[in-house]
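Chemist: Below are the sequence and a predicted model for it; my questions follow.
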Amino acid sequence: NRKPPILQERITAEQYSKEHLTSPFEVPRDASVLRLKGSAPVNNSWLALDFALVDADERVVSQFGNDASYYHGKDSEGSWSEGSRSFGSYFKVNKAGAYRLLLHGQGGSGEKDPSRNEPVDIAVFSGMAVPWYFIIPNIVSGLVMVIEPIRRMSFEARRWSAVAGDGEETDD
C-alpha cells in the first residue's frame with residue numbers, strides 16, 4: 001500500500017548541468033519527513049548531484065547532495081562490480097506548502113573522462129518515518145539493560161566485601 005510520489009521527474013544532463021528547477025510539489029503537513037529516491041543509468045561512470053529545497057518565495061530551505069557511480073570489469077580474480085545506480089536521502093520540511101527542488105550536477109567516466117550525459121530520474125515521497133528515529137532509542141535502551149545489572153553487581157560486591165571481610169571470623 002505505497003503512496004504515489006508527490007514529485008516524479010526525469011532530468012536530462014543538459015538540464016542538470018546548468019541548474020534545473022523541478023515542477024512544484026505540495027508538502028501536506030508541517031514537520032514532514034520526505035524521501036528523495038533517484039537513479040541514473042551510469043555505466044563505468046559517475047554522477048554527483050547537489051540539491052536545494054526551494055520554497056514558494058524561491059528561498060533555499062535546505063541543501064543536500066547525492067551521487068551515483070557504477071563500475072564493473074574483469075581482472076585476474078574474475079568479474080567485479082562496485083557502486084550503485086541509485087541514491088536516496090531523507091529530509092525534513094518544517095512548514096507545509098509548495099516547494100521545488102533545484103539541482104545541479106556533473107558527471108564523468110573513469111578518472112578524467114567527460115560525462116556520458118546520463119539522465120536522472122527522481123521521485124519525492126511524503127509520510128516517511130526515518131528508521132534512525134526508532135533505531136537509536138532501541139540501542140540506548142539495550143545499553144541500559146546491559147549496563148545496569150553489571151553496575152548493580154559491582155556495587156553489591158563492594159558493599160558486601162566490607163561485611164564479609166577476608167574470611168576470618170573472631171569470636172569474643
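Modeler: Now that the structure is in, tell me what you want to look at.

Chemist: can you list the weak-confidence ranges in this structure?
Modeler: Of all residues in the chain, those with pLDDT under 70 make up the ranges 1, 128-134, 165-172.

Chemist: and the helix ranked longest in it, how far from the chain's centre?
Modeler: Taking DSSP state H as the criterion, the chain has its longest helix at helix 132-164. The chain centre lies 32 Å from the centre of helix 132-164; the measure is Cα atoms, centre = their mean, to the nearest Å.

Chemist: May I see the buried residues of it?
Modeler: Buried residues in helix 132-164, defined by neighbour count with 16 or more other Cβ atoms under 10 Å: none. Heads up, the C-betas are built off the backbone N, CA and C, glycines and all.

Chemist: now stretch 105-114
Modeler: Buried residues in stretch 105-114, counting neighbours by 16+ other Cβ under 10 Å, are found at G105, G107, G108, S109.

Chemist: just stretch 13-32 next, same as before
Modeler: A13, Q15, Y16, H20, T22, F25, V27, S32.

Chemist: need these in a markdown table with distance to Q63 and secondary structure, can you?
Modeler: As requested, the buried residues of stretch 13-32 are arranged in a markdown table below (distance: Cβ to Cβ, whole Å; DSSP: H, G, I helix; E, B strand; the rest coil):
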| residue | distance to Q63 | secondary structure |
| --- | --- | --- |
| A13 | 21 | helix |
| Q15 | 19 | helix |
| Y16 | 15 | helix |
| H20 | 15 | strand |
| T22 | 15 | coil |
| F25 | 17 | strand |
| V27 | 17 | strand |
| S32 | 17 | strand |
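
Chemist: Just flag the most distant two among those.
Modeler: Greatest spatial distance among the buried residues of stretch 13-32 (Cβ to Cβ): A13 and S32, at 30.3 Å.

Chemist: If you count residues, where's the longest strand of this protein?
Modeler: strand 60-75 (DSSP state E).

Chemist: partner strands of whichever helix or strand comes after that one, parallel or antiparallel?
Modeler: For strand 60-75, the following helix or strand on the C-terminal side (DSSP states H and E) is strand 78-84. Sheet partners assigned to strand 78-84 using DSSP bridges are listed as strand 60-75 (antiparallel).
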